[in-house]
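Asker: Give me coordinates for this.
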Amino acid sequence: MPAHVVAIDQGTTSTRAVVVDHDGRIISSGQLEHEQILPRAGWVEHDPVEIWGNTREVIGTALSRANLTRHDVAAVGITNQRETTVVWDAATGEPVHNAIVWQDTRTQSICDELAADGGVDRFKDTVGLPLAPYFAGTKLKWLLDTVDGLRERAGAGEVLFGTIDTWLLWNLTGGPDGGVHVTDVTNASRTMFMDLRTCRWDEEILDVFGVPAAMLPEIRTSSEPYGVVHGSQLLRETPVAGILGDQHAATFGQVGFAAGAAKNTYGTGNFLVVNTGSEIVSSSHGLLTTLCYQLEGQPPVYALEGSIAVTGSLVQWLRDQLGIITSAPEVEQLAAQVEDNGGVYFVPAFSGLFAPYWRGDARGAIVGLTRFANRAHLARAALEATAFQTREVLDAVDADAPVELTELRVDGGMVANEALMQFQADVLGIPVVRPVVTETTALGAAYAAGLAVGFWDGLDELRDKWREDRRWEPAMEPAERDRQLRLWRKAVTRTFDWVDDDVR
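Answerer: Here you go, the predicted model:
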């Protein structure tokens, strides 16, 4: 068998391809950023054609850097930004509109209309999600309502819907020339259309949203052969055999296979996932019930998730919108110039507040400003916002889940920031643990694909590959922790009720 697996990691700001060997090591990668299209306040879009082009290019880069060809690759796995919604012409492959990104808030009015009959939890018992602009369902409804003739074309099977995993798989496997129109249970669970118990599309909910079932992909497990790469591409004839939404992939890469296992990914946003095993746990504290993963021929594994919209993207905002840093790593150096936050708290509710509040009416706020505050205090407050938001989500997990967490495994780009990781341990009051391989999202997609084709024997073999790199123990006095959390929560309340009918 070939000695490598390729994982495509299609994220919110960039697309990566990585080559993984049998020991679970990432031996090469390629990466390209794509444009963030911001037509108006609260709207965030991507060009699906640009993403597809970047995907092909980064695959070539990763293979070239490793000096490999398709003959060295056993399988391809896909992991992706979830909820981001694409609709395209089935005959030509041309998108009918830019992709509407998970961060986009344009569908708040649709959520309000749907919630008028049954509240924001109207569909929660079936799909595990509240009505929020975050999820793909209202984005698809917006497209069907807005693009002329789209609903009729959808009902006739002329256009296809998918999240980014589906878009990439369809193109990899031939596009208009026989492309496979499939998604996995993890991505399907983020649409508001999938019944958690049956892992099938719910026809009654589709009727409420006015979504023709003919445009939806087939739901499959997270680890099975879906098709092979089309003959004109670099990886031609290689099976595509794993799909996991990015946070589910990170959980899989952290080998969080047992009930009670938890990980927190620090990326564009933060996402805390706790495996609940075969049990569907309904949260009463602002968490989402979702699919963790499903292996071929096995029952689904469920999870609770705390989704935070803005963490790493706040550092990008400091760089791109304010210009107080020129590169993301500079934020740690700038924050280190001051001993504390100077009384400044930064609540980055740019897309409203996600877990545990789910307040679409919130908007970002910087509070506690005095003339003493400078850009270093602002940088520190931005980093601390990540830790404070994570603490609030972990509190919700503790309230909902039957197993108390004794440590938190972390991954993602921001875990290289050691000052942040120490502050995170201080705020949580439990150890924070970073693995040797922090690119666990790509690793999880590789693991899912490799399992499906027998590249790895099973979950026990994958567990044996996990290694601890660094552990941070909490050092903050409990009284100081309580004081800072009190001020943070006060700052959060200042963001509420900002959006009126004439304010977006």
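Asker: Contacts only, for the closest residue to Leu369 other than its chain neighbours.
Answerer: Using C-beta to C-beta, 6 or more residues apart in numbering and skipping residues adjacent in sequence, the residue nearest Leu369 is Val344, 6.2 Å away. C-beta coordinates here come from the backbone N, C-alpha and C atoms, glycine included. Listed by C-beta atoms under 8 Å, 6 or more residues apart in numbering, the contact partners of Val344 are 366-369, 373, 377-378, 380-381.
Asker: do that again at 6 Å, thanks
Answerer: 368, 373, 377, 381 (C-beta atoms under 6 Å, 6 or more residues apart in numbering).
Asker: Just confirm the third one contacts Tyr345, I think it does.
Answerer: So that's His377. No - using C-beta atoms under 6 Å, His377 is not in contact with Tyr345, being 10.2 Å away.
Asker: got a list of what Ala379 touches?
Answerer: Listed by C-beta under 6 Å, 6+ apart, the contact set of Ala379 reads 331, 334-335.
Asker: Please indicate which of the residues you listed has the highest neighbour count?
Answerer: When those are compared by neighbour count (other C-beta atoms under 10 Å), Val331 ends up highest, at 26 neighbours.
Asker: so that residue sits right up against Ile325, yeah?
Answerer: Yes - using C-beta under 6 Å, Val331 is in contact with Ile325, at 5.5 Å.
Asker: Tally up the residues packed near Gly454, please.
Answerer: Using other C-beta under 10 Å, the number of residues around Gly454 comes to 12.
Asker: Skipping adjacent residues, who's closest to it in space?
Answerer: Met1 (7.3 Å).
Asker: what residues are up against the residue of the chain most remote from its centre?
Answerer: Going by C-alpha atoms, centre = their mean, the residue of the chain most distant from its centre is Arg371, 37.7 Å out. By C-beta under 6 Å, 6+ apart, no residues touch Arg371.
Asker: In which helix or strand does it reside?
Answerer: In the assignment (DSSP states H and E), Arg371 maps to no helix and no strand.
Asker: cool, and His248?
Answerer: Per DSSP H and E, His248 falls inside helix 246-253.
Asker: before we move on, the earlier item: redo the contacts of Val344 as JSON lines? Include secondary structure and pLDDT.
Answerer: Output for those, formatted as JSON lines (DSSP: H, G, I helix; E, B strand; the rest coil; pLDDT from 0 to 100):
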{"residue": "Gly368", "secondary structure": "coil", "pLDDT": "94"}
{"residue": "Ala373", "secondary structure": "coil", "pLDDT": "91"}
{"residue": "His377", "secondary structure": "helix", "pLDDT": "94"}
{"residue": "Ala381", "secondary structure": "helix", "pLDDT": "95"}
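Asker: quick check, Ala491 in a strand?
Answerer: No - in this structure, Ala491 is helix, not part of a strand, as judged by DSSP: H, G, I helix; E, B strand; the rest coil.
Asker: The nearest residue to it once chain neighbours are set aside pairs with what?
Answerer: Distance criterion C-beta to C-beta, 6+ apart; nearest residue to Ala491, sequence neighbours excluded, is Tyr345 at 3.8 Å. Beta bridges link Tyr345 to Val367 when assigned by DSSP bridges.
Asker: wouldn't Tyr345 be in contact with Ile366 here?
Answerer: No - at 7.5 Å, Tyr345 and Ile366 do not qualify as touching, with contact defined as C-beta under 6 Å.
Asker: Pick out whichever of the two has more residues nearby.
Answerer: Neighbours per residue, other C-beta under 10 Å: of Tyr345 and Ile366, the larger number sits with Tyr345, 22 against 18.
Asker: Off-centre distance for stretch 82-90?
Answerer: 16 Å (C-alpha atoms, centre = their mean, to the nearest Å).
Asker: now the helices for the stretch 351-500 of the chain?
Answerer: Secondary structure of the stretch 351-500 of the chain (DSSP state H, counting those that start in this stretch): helices at 375-400, 418-428, 440-452, 459-463, 478-493.
Asker: elements contacting the third one?
Answerer: Other elements packing on helix 440-452 under the criterion 3 or more C-beta pairs under 6 Å, 6 or more residues apart in numbering; DSSP states H and E are strand 4-10, strand 73-80, strand 223-228, strand 239-245, helix 246-253.
Asker: Now it: buried residues?
Answerer: 440-452 (16 or more other C-beta atoms under 10 Å).
Asker: okay if I get the residues you listed as JSON lines plus pLDDT and distance to Leu288?
Answerer: What follows is the buried residues of helix 440-452, written out as JSON lines (pLDDT from 0 to 100; distance: C-beta to C-beta, whole Å):
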{"residue": "Thr440", "pLDDT": "89", "distance to Leu288": "20"}
{"residue": "Thr441", "pLDDT": "91", "distance to Leu288": "18"}
{"residue": "Ala442", "pLDDT": "94", "distance to Leu288": "23"}
{"residue": "Leu443", "pLDDT": "95", "distance to Leu288": "23"}
{"residue": "Gly444", "pLDDT": "95", "distance to Leu288": "19"}
{"residue": "Ala445", "pLDDT": "97", "distance to Leu288": "21"}
{"residue": "Ala446", "pLDDT": "97", "distance to Leu288": "25"}
{"residue": "Tyr447", "pLDDT": "97", "distance to Leu288": "23"}
{"residue": "Ala448", "pLDDT": "97", "distance to Leu288": "21"}
{"residue": "Ala449", "pLDDT": "97", "distance to Leu288": "25"}
{"residue": "Gly450", "pLDDT": "97", "distance to Leu288": "28"}
{"residue": "Leu451", "pLDDT": "97", "distance to Leu288": "25"}
{"residue": "Ala452", "pLDDT": "97", "distance to Leu288": "26"}
